Structures are given as C-alpha cells and as structure tokens.
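Engineer: Please find the sequence and the predicted model below.
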Amino acid sequence: MIIVVVSVVYTGCKKDEENSNQKPTCTITSPVKAQEITKGDEIIISVDASDKDGSIAEVRFFIDGVEKGLVTSVPFNYNWNTDSESIGNHVIKCTAVDNEGVSASDEISVVIKVNSMIPVANFKATPTTGKIPLSVNFTDQSTMYPIAWLWDFGDGGTSTLKNPTHTYVNEGNYIIKLTVTNNYGSGTETKPDYITVSGTSYSSFTDPRDQKIYKTITIGSQTWFAENLNYETPNSWSHDSVGSSDDIYGRLYSWGEALTVCPDGWHLPSDDEWKTLELNLGMSRYEVDNLQWRGTDEGKKMKSISGWKEDGNGTNTSGFNALPGGAAGSGGFFYIGSSGYWWTSESYTGGYAWYRSMEFNKDKVYRLINLTTSGSSVRCLKD
C-alpha cells in the first residue's frame with residue numbers, strides 16, 4: 001500500500017494580516033495641555049499626523065465639539081482666533097483620517113483668560129436727572145490707560161472725547177454706553193436707564209423796571225437769560241427807529257452801560273463765567289482759555305434754530321437761543337443776521353473789554369477784546 005502525504009499550507013491568516021489597514025496617529029503638538037491663552041490672541045493649533053501603511057487624507061479641527069476647519073496637506077495647522085471666545089476652559093480636538101477612511105483623534109483642554117492690560121470701562125455722570133434741556137457732564141473712570149473713547153448717549157448722540165458734555169432735549173430714560181480702547185484691546189460699560197430727563201426747564205423772569213418778560217435757561221449750575229436784554233438806557237442802541245427788531249435781538253450797549261444794565265438779582269457775566277458755560281457745553285479745559293475761535297460745536301449748541309444768515313442756524317440744544325444781533329458803532333449797525341456779540345464784565349487795558357461772538361458760518365465760539373465804546377448784546381446771569 002502506498003501512502004501519499006499531501007501537505008496543505010493554510011495562508012488565510014497571513015493574507016488577512018497583509019490586507020489590514022493600520023490606524024493613523026494623531027497628536028496635538030501645540031498648544032499644550034492646560035496652556036493659558038490671552039483672549040484675543042490668534043493661536044496656531046498644530047497636529048503631528050502620520051499613517052504607516054498609507055497617507056493622511058485630512059485633519060479636522062474642533063473647538064468645544066464644533067468643527068472649525070479642515071486641512072488636507074502638511075503642515076496640519078489651523079489658526080484659531082480667540083477674540084470671540086468666552087473666558088474659561090475650552091476643549092481642542094483634532095481628528096486625522098487616512099486614505100482608507102480610518103481615523104484617530106487627540107484632544108486637550110486650554111484656558112482663555114483676560115489680558116490684564118486690556119482697559120476696563122467705567123464712568124460717572126453729573127447730573128443724572130433733570131429737566132430738558134439737560135446738560136450732563138460725563139467723566140471717564142476707566143482703568144488700564146485707554147487711549148480712545150466712544151460714548152453712546154442713548155439718544156443718537158456720540159462723542160470721542162474723554163470727558164464729554166452732552167445736552168438732552170427730549171424726555172426719556174437713556175442707556176449710556178462707553179467703549180474704551182488701547183493697544184491691547186477694548187472694554188465696554190453699559191448703564192441702562194442711567195440718565196432720566198423730564199419736561200422742560202424753561203422758566204421766565206419779569207423785569208420789574210419795564211415789565212418785559214424774558215425766558216431763562218439753566219445750564220449746569222448757571223441760570224441765564226435765554227434772550228438778549230432789551231432794556232432802554234441812554235447809552236444803548238435800538239436796531240430801528242420803532243424798536244420792533246429789539247423784541248427779537250434786544251438792544252446793544254456800550255461796555256460801561258452793560259456793566260450795570262441787568263436787573264436786580266442778575267449781572268453781566270464775567271469772562272470766567274462765560275468759560276464755565278462753554279465748559280458745560282463740551283469745550284475742553286485747554287481750549288477755553290485760548291483766543292479767537294475755540295472749541296468744536298459749542299456755538300452751534302448755543303445758536304438759535306432759525307434767524308441766521310444762509311441757513312447758518314444752530315441746534316440750540318443748550319437752550320441758550322443765541323441770535324445774530326450784530327454790533328453797533330459810530331458808523332451804525334453791522335453784521336445783523338450774520339453775527340452776534342456779547343459783552344463780559346472783564347476789562348482790558350487801553351479802553352478795551354472781553355467779549356464773545358458767534359457767526360453764521362462757524363460752529364465755534366470767538367473770544368477776544370473790543371473797544372468799550374462799541375455796542376454789543378447783553379445776556380444777564382443770575383446772581
């Protein structure tokens with residue numbers, strides 16, 4: 001009997017081993033676990049991914065479970081802008097997928113913190129309540145050295161001054177928002193219903209000498225006539241022979257007459273008292289002592305809403321209601337409709353005194369001296 005030995009070699013296991021796809025590797029190399037990141041910084045998330053028996057088809061990047069980006073070639077990097085991210089812990093997850101569709105992932109936690117050099121916005125205002133028109137002084141109290149300011153006064157008005165003044169002309173409760181900025185970032189403070197404005201603060205005064213009635217206006221701590229004085233004296237000028245224009249513009253007075261012409265309880269304001277008014281309307285401390293045209297729009301806030309030449313009217317948000325009464329001298333009247341001039345009680349050497357002026361084509365306020373024999377308007381200030 002012949003015995004035949006047949007050798008059978010089973011190769012199935014070896015074949016399966018050769019055809020199996022090896023899982024890729026995926027490691028986050030940057031940032032590192034628990035790294036502290038300053039809010040606003042742009043972070044490069046870097047992944048080391050490889051596949052021994054194939055290639056990496058793509059690497060996906062996730063922040064807190066939300067896919068942010070996909071990269072299909074080396075380097076496997078994603079730029080993460082943290083400006084809109086919240087403060088606190090965040091999970092970075094990266095998934096590498098090979099050419100056979102097999103994936104591997106890695107994840108770490110990082111911490112986003114606030115840059116200690118970013119400014120923190122804060123402010124106060126005085127007053128916070130009152131009647132229209134209400135002039136409010138805003139004072140910046142922000143920390144970390146801001147270099148730029150943006151105020152939103154809640155009524156459509158804005159300012160980029162550090163310590164602005166704003167006048168409210170309508171009733172209501174106003175939300176105030178301040179955003180401050182420096183080279184490291186910005187911060188915002190919002191105060192809901194911070195300013196409360198109620199009905200008009202216009203009142204009136206009756207001059208007992210001739211029974212003429214004058215509107216008055218309170219701006220800051222000062223109460224002014226809201227009209228030019230129209231009291232007849234020997235050293236005053238009427239705009240026309242019948243005096244009809246005087247009811248609009250008031251009379252014009254020499255400086256010596258202006259010093260004593262206001263009724264009891266009122267006086268011709270000093271140069272410094274005019275400066276206080278201008279500061280209340282937003283003029284800077286630096287500019288208020290300058291000569292000629294000063295400030296930004298304080299004149300516009302003081303000028304009446306009609307009556308100025310070539311539509312050079314103001315907004316009268318201050319309630320001062322300045323009208324262009326012009327000036328008077330030996331040659332008659334000048335500049336009616338285009339300019340207004342107002343005396344201060346402050347004298348200057350050589351027969352001169354300080355005055356203020358506004359013009360139809362200017363938003364600023366003019367400060368200089370004029371001959372005391374000239375005729376200018378008078379605004380009385382309450383004692």
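Structural biologist: All right, it came through fine. Numbering: from 1, shown residues only.

Engineer: contacts and neighbour counts: CA atoms only from here.
Structural biologist: Fine.

Engineer: quick one, domains of this structure?
Structural biologist: Domains of the chain are assigned by automatic domain parsing as 22-113, 123-200, 203-382.

Engineer: now the last one: mean pLDDT?
Structural biologist: Domain 203-382 shows an average pLDDT of 92 in the prediction.

Engineer: one step back: what's the most buried one of the domains of the chain?
Structural biologist: Comparing the domains of the chain by mean neighbour count (mean count of other CA atoms under 10 Å), domain 203-382 ranks first with a mean of 19.

Engineer: Distance across that domain, terminal residue to terminal residue?
Structural biologist: 13 Å (CA to CA, to the nearest Å).

Engineer: Kindly report the same for stretch 159-175.
Structural biologist: 15 Å.

Engineer: Residue 37 contacts residue 90, correct?
Structural biologist: No: using CA atoms under 8 Å, residue 37 is not in contact with residue 90, being 10.3 Å away.

Engineer: Find the residues that touch each one of these two.
Structural biologist: 110-112 (CA atoms under 8 Å, 6 or more residues apart in numbering).

Engineer: Of those, which belong to strands?
Structural biologist: Judged by DSSP state E, strands contain the following of the shared contacts of residue 37 and residue 90: 110-112.

Engineer: from these, which is closest to residue 255?
Structural biologist: Nearest to residue 255 among these is residue 112, at 67.6 Å by CA to CA.

Engineer: just checking, that closest one touches residue 84?
Structural biologist: No: counting by CA under 8 Å, residue 112 does not reach residue 84; the two are 10.9 Å apart.

Engineer: Break down the stretch 51-200 of the chain into its strands, ranges please.
Structural biologist: Assigned by DSSP state E, counting those that start in this stretch, the strands in the stretch 51-200 of the chain fall at 56-63, 66-71, 76-81, 88-98, 103-113, 123-126, 129-132, 134-140, 148-152, 158-159, 165-168, 172-182, 185-200.

Engineer: now the nearest residue to residue 205 once chain neighbours are set aside, what's its secondary structure?
Structural biologist: Closest residue to residue 205 apart from its sequence neighbours, by CA to CA, 6 or more residues apart in numbering: residue 214 at 5.2 Å. Three-state call for residue 214 (DSSP: H, G, I helix; E, B strand; the rest coil): strand.

Engineer: give the contact list for residue 214.
Structural biologist: Contacts of residue 214 by CA under 8 Å, 6+ apart are 204-207, 225-227.

Engineer: Kindly recompute the last result at 7 Å.
Structural biologist: 204-206, 225-227 (CA atoms under 7 Å, 6 or more residues apart in numbering).

Engineer: Now do the longest helix seen in the chain: everything it contacts.
Structural biologist: Criterion DSSP state H: the longest helix present in the chain is helix 271-280. Contact partners of helix 271-280, identified using CA under 7 Å, 6+ apart, comprise 137, 165, 220, 285, 288, 298, 344-346, 354.

Engineer: wait, doesn't residue 313 sit right on residue 304?
Structural biologist: Yes: using CA atoms under 7 Å, residue 313 is in contact with residue 304, at 6.1 Å.

Engineer: To residue 47, which of the strands of the stretch 51-200 of the chain lies closest?
Structural biologist: strand 76-81 (5.4 Å).

Engineer: Now do the closest one: distance to the chain's middle.
Structural biologist: Put simply, strand 76-81 sits 35 Å off its chain's centre (CA atoms, centre = their mean, to the nearest Å).

Engineer: Also stretch 116-131?
Structural biologist: 12 Å.

Engineer: swap in stretch 152-160?
Structural biologist: The answer for stretch 152-160 is 6 Å, by CA atoms, centre = their mean.

Engineer: Identify the residues contacting that stretch?
Structural biologist: Contact with stretch 152-160 is made by 149-151, 174-178, as judged by CA under 7 Å, 6+ apart.
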